[in-house]
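1. Any chance you could fold what I've pasted below:
(chains A and B)
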There are 2 protein chains.
Amino acid sequence: MDPALLQEVIAGELTRRRTEIIAIDDRLTSMVDRLVGFVSSGGKRIRPEFLWCGWLAAGPAGTAGDAARGVLRVAAALELIQACALIHDDVIDRSERRRGAPSTYRALAKEHADAGLAGDSEHYGLSAAVLLGDLALAWADDLYAAGAQALDAVDRSLPVWQAMRTEVLAGQLLDLAAAARTTTDPALQAADAMRVNRFKTAAYTVERPLHLGASLAGAGGATVDALRAYGADIGVAFQLRDDLLGVYGDPAVTGKPAGDDLLQGKRTLLLATARAALRCDKALLADLDAGIGTAGADVDRLARIIASTGAVQEMEQRIADLVASGVAALSAVADDGRPVVAPDARARLVELAHAVTDRRR
Amino acid sequence: MDPALLQEVIAGELTRRRTEIIAIDDRLTSMVDRLVGFVSSGGKRIRPEFLWCGWLAAGPAGTAGDAARGVLRVAAALELIQACALIHDDVIDRSERRRGAPSTYRALAKEHADAGLAGDSEHYGLSAAVLLGDLALAWADDLYAAGAQALDAVDRSLPVWQAMRTEVLAGQLLDLAAAARTTTDPALQAADAMRVNRFKTAAYTVERPLHLGASLAGAGGATVDALRAYGADIGVAFQLRDDLLGVYGDPAVTGKPAGDDLLQGKRTLLLATARAALRCDKALLADLDAGIGTAGADVDRLARIIASTGAVQEMEQRIADLVASGVAALSAVADDGRPVVAPDARARLVELAHAVTDRRR
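-> You can find the predicted model right below:
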């Protein structure tokens, strides 16, 4: 995928939508610019990369000119879905920072307070963030429709697009339901974490973008199966790396505070694994539990307790295993002996499997 | 429009989506049932009625069987957009009640508290409501796509659908921006209220549903122009009636607390008009301003102050004028002398103009 071309497509589409909003009322300029800035400047563009690989995987699909532009419009749609998910998630998780800057609802609240506007700044920030996320979700659909229509691929890709949207929202709801559980049983917590990982992250970060790309190209069932098997594994591994970064990541690189997941009390597989290992050390377990989700907790100490249980190595091993099994799925061959994933797409997917699971941010 | 058939389409579609969600995890049952219940049971189905009239206005479009079902799927999509708007609006406005029951975020918070779940019940309610609203918005697009495809009308209706979604969200953002203004100038407040009325309500309650229905039927430009002129007027009149009900409505009929708009400090044209009239009675104006948006304020007294200014009669007059001009727009004739709006659609629209602007809930 050509990142510069993706950037051009995103900038072009958002400029057009921005103009529409400002034509309705120019007082909406600063709000809409916050959304445009968030989508234009940020992110690792992981979903577009996987979409593109799914498109290539089907074989000799056109990659130049109009076809590429159609795929990149759908890629831009994925970035808008992600913008909605992050903007709303930050409200839900009460996250202060995102991509090295204040989270959207925090930035909007500050803008309101700085301008001395009427009403409660915090509630204004939350309200505007909810609506800007909605706008991103609506625009995502518009971009998907434009891209899929240009490729004459609505019939074959729409079910994938719809399933992806439902899954990511179900995954977020499941995350809420899991967080609301009162259980302290590490096995139940681990099972919950894996289900959330599967739907909230894996499906919509890797598996469905690949599937969507393949469906745009009209790929056959065997190609789709191989891509989805890869996607399910690499997607979960991606999340497990994210969980490790949420505890051990460098804030200067991740753009989030140190130990952010610990302070937020996020119920990760890493934490469930550490708690399981501490089953026979009740004092240390109580110590860990007391700190998780507690403002002002000593995150370095909590991180050391978790590491001391061997949970970090266990996560590293699981990541390595998932990368291996995911990559292996790409080697499937059809009855006629030909690979089901085109060689150039496969090479890029092997590269990406390592890149997204062995990253620092 | 056959309300029973609409109900059947809504129930059928939502049952299918509900099953999808529960297949992901059956712990999501109670959350998704809350959304399904909200959409299935509630509302005046005003937008579907106007959509249907827009469809009929173009003339001899098929109204039986598959065609009707396609239009009703788009009608169901409008009800889902409305569900998203109301669920998110109640979070934004901190509304306690809706359609005679606790608002969605309040009901979810209570469910959390009653079940003794982990975490902050209020924040859980807000979070789940944000996500259920997102789900409604995503499903709305799916239903629109299904309906428009069945009618082979995607190309001609998609721009209208997209414009409607952008407009309603821009209207909601504008409402926030207007509420955050520190001005106390009644003229500026009146201008703000009219802009919000135009985009947040009129466009998406009347004008765009009519336009969308007409576009599904492939109506010509003159028909669309007449419908939109009617829609803009009747939509604003609808909102002015809503503003009156927000102050003088019977809670047993509206399903909202008495004087809800006053307690919420909603900046309506009614209030701006009353404030303008009180310009020379500084004491009474201060009295009114002190009560608006204040918890525990004497809403009966505030309502009497507003009525004493003549603002209520002024609103009634504006509603009557808007109904007259809206209905007049339907009488347009083409160059060949034929009416641009089919007679049966026109008769129904005249009826609806009165029904939606002279209602008690």
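2. so who does the nearest residue to residue A:143 once chain neighbours are set aside touch?
-> Nearest non-adjacent residue to residue A:143, counting by C-beta to C-beta, 6 or more residues apart in numbering or on different chains: residue A:77, 3.8 Å away. (Each C-beta comes from the backbone N, C-alpha and C, glycine too.) Contacts for residue A:77 (C-beta atoms under 8 Å, 6 or more residues apart in numbering or on different chains) come out as A:140, A:141, A:142, A:143, A:144, A:147.
3. Please repeat the previous calculation with a cut-off of 10 Å.
-> Contact analysis of residue A:77 by C-beta atoms under 10 Å, 6 or more residues apart in numbering or on different chains lists A:10, A:13, A:47-48, A:51, A:136, A:139-148, A:161, A:212.
4. Pretty sure it sits in a strand.
-> No: counting by DSSP: H, G, I helix; E, B strand; the rest coil, residue A:77 is not part of a strand but helix.
5. where does it land on pLDDT?
-> Looking at residue A:77, its pLDDT is 97.
6. Might one say that residue A:345 is in contact with residue A:49?
-> No: look at residue A:345 against residue A:49 with C-beta atoms under 10 Å: they stay out of range, at 11.2 Å.
7. which residues do those two both contact?
-> A:210, A:213.
8. returning to what we had before: just the ones of the contacts of residue A:77 in helices?
-> Judged by DSSP state H, those include A:10, A:13, A:47-48, A:51, A:136, A:139-148, A:161, A:212 as members of helices.
9. Flag every residue of the stretch 201-350 of chain A that's near chain B.
-> A:203, A:265, A:267, A:293 (C-beta under 10 Å from any C-beta of the partner chain).
10. Can you give me the neighbour number for the third one?
-> Pointing back at residue A:267 there. The local packing of residue A:267 (other C-beta atoms under 10 Å in any protein chain shown) involves 23 other residues.
11. what's the answer for residue A:338, then?
-> Neighbour count for residue A:338, taken as other C-beta under 10 Å: 10.
12. Quick check: the gap between it and chain B.
-> As judged by C-beta to the nearest C-beta, to the nearest Å, residue A:338 and chain B stand 34 Å apart.
13. correct me, but that residue touches residue A:220?
-> No: using C-beta under 10 Å, residue A:338 makes no contact with residue A:220, being 11.1 Å away.
14. Show the pLDDT at the residue in the stretch 151-300 of chain A positioned nearest to chain B.
-> The nearest approach of the stretch 151-300 of chain A to chain B comes at residue A:180, 3.9 Å away (C-beta to the nearest C-beta). Each residue has a pLDDT score; the one for residue A:180 is 92.
15. Find the residue closest to it in space, skipping its chain neighbours.
-> residue B:117 (3.9 Å).
16. The one you found: what's it in contact with?
-> Per C-beta under 10 Å, 6+ apart, neighbours of residue B:117: A:176, A:177, A:179, A:180, A:181, A:182, B:111, B:124.
17. before we move on, what about residue A:261?
-> A:93, A:242-249, A:267-268, A:270-271, A:292-293, A:299, A:303.
18. So it versus residue B:5, what's the distance?
-> As judged by C-beta to C-beta, to the nearest Å, residue A:261 and residue B:5 stand 50 Å apart.
19. Equivalent analysis for residue A:72, please.
-> In this view, residue A:72 and residue B:5 are 41 Å apart by C-beta to C-beta.
20. So for the two, which sits in the more crowded spot?
-> The residue with more neighbours, out of residue A:72 and residue B:5, is residue A:72; 25 against 14, by other C-beta under 10 Å.
21. isn't the more buried one right up against residue A:51?
-> Yes: the criterion here is C-beta under 10 Å, and residue A:72 meets it with residue A:51 at 8.8 Å.
22. which neighbours do the two share?
-> Common contacts of residue A:72 and residue A:51, defined by C-beta under 10 Å, 6+ apart, comprise A:1, A:6, A:147.
23. which of those tops the neighbour count?
-> residue A:147 (26 neighbours).
24. Contacts only, for it.
-> Counting by C-beta under 10 Å, 6+ apart, residue A:147 has contacts A:9, A:13, A:51, A:69-77, A:153-154, A:157, A:161, A:216.
25. Now which of those would you call buried?
-> Among those, those classed as buried by neighbour count (16 or more other C-beta atoms under 10 Å in any protein chain shown) are A:9, A:13, A:51, A:69-77, A:153-154, A:157, A:161, A:216.
26. buried sites along the host helix or strand of residue A:313?
-> Residue A:313 is part of helix A:311-329, with elements assigned from DSSP states H and E. By 16+ other C-beta under 10 Å, the buried positions in helix A:311-329 come out as A:311, A:312, A:314, A:315, A:318, A:319, A:322, A:323, A:326, A:327, A:329.
27. looking just at contacts, which helices and strands does it meet?
-> For helix A:311-329, the packing partners by 3 or more C-beta pairs under 10 Å, 6 or more residues apart in numbering or on different chains; DSSP states H and E come out as helix A:221-248, helix A:269-277, helix A:299-308, helix A:343-357.
28. can you tell which of those helices is closest to residue B:166?
-> Nearest to residue B:166, of all the helices and strands packed on helix A:311-329, is helix A:221-248, at 31.6 Å by C-beta to C-beta.
29. Buried residues in the closest one, which are they?
-> Within helix A:221-248, the residues that count as buried by 16+ other C-beta under 10 Å are A:222-248.
30. cool, stretch A:116-127 as well?
-> So, applying 16+ other C-beta under 10 Å, buried residues of stretch A:116-127: A:117, A:118, A:119, A:121, A:123, A:124, A:125, A:126, A:127.
31. What is the most widely separated pair among those residues?
-> The most widely separated members of the buried residues of stretch A:116-127, counting by C-beta to C-beta, are A:118 and A:126 (16.0 Å).
32. what about stretch A:80-90, near chain B?
-> Yes: using C-beta under 10 Å from any C-beta, we find that stretch A:80-90 touches chain B at A:81, A:84, A:85, A:87, A:88, A:89.
33. Rounded mean pLDDT for stretch A:108-115, please.
-> When pLDDT is averaged along stretch A:108-115, the result is 96.
34. Quick one: residues in contact with it.
-> By C-beta under 10 Å, 6+ apart, the residues outside stretch A:108-115 that reach it are A:30-31, A:34, A:87, A:102-103, A:117-129, A:132, B:176, B:180, B:182.
35. Just these: which are in helices?
-> A:30-31, A:34, A:87, A:121-129, A:132, B:176.
36. of those, closest to residue A:193?
-> Nearest to residue A:193 out of the ones in helices among the contacts of stretch A:108-115 is residue A:87 (C-beta to C-beta; 23.4 Å).
37. For the closest one, which non-adjacent residue is spatially closest?
-> Residue A:87's closest residue in space is residue A:133 (C-beta to C-beta, 6+ apart), at 4.1 Å.
38. picking up where we left off before, which one of the ones in helices among the contacts of stretch A:108-115 is nearest to residue A:187?
-> For the ones in helices among the contacts of stretch A:108-115, the nearest to residue A:187 is residue A:87 (33.7 Å; C-beta to C-beta).
39. burial count for the closest one?
-> Neighbour count for residue A:87, taken as other C-beta under 10 Å: 29.
40. Which residues are in contact with it?
-> When contacts are counted by C-beta under 10 Å, 6+ apart, residue A:87 touches A:34-35, A:38-39, A:98, A:103-105, A:108, A:128-137, B:130.
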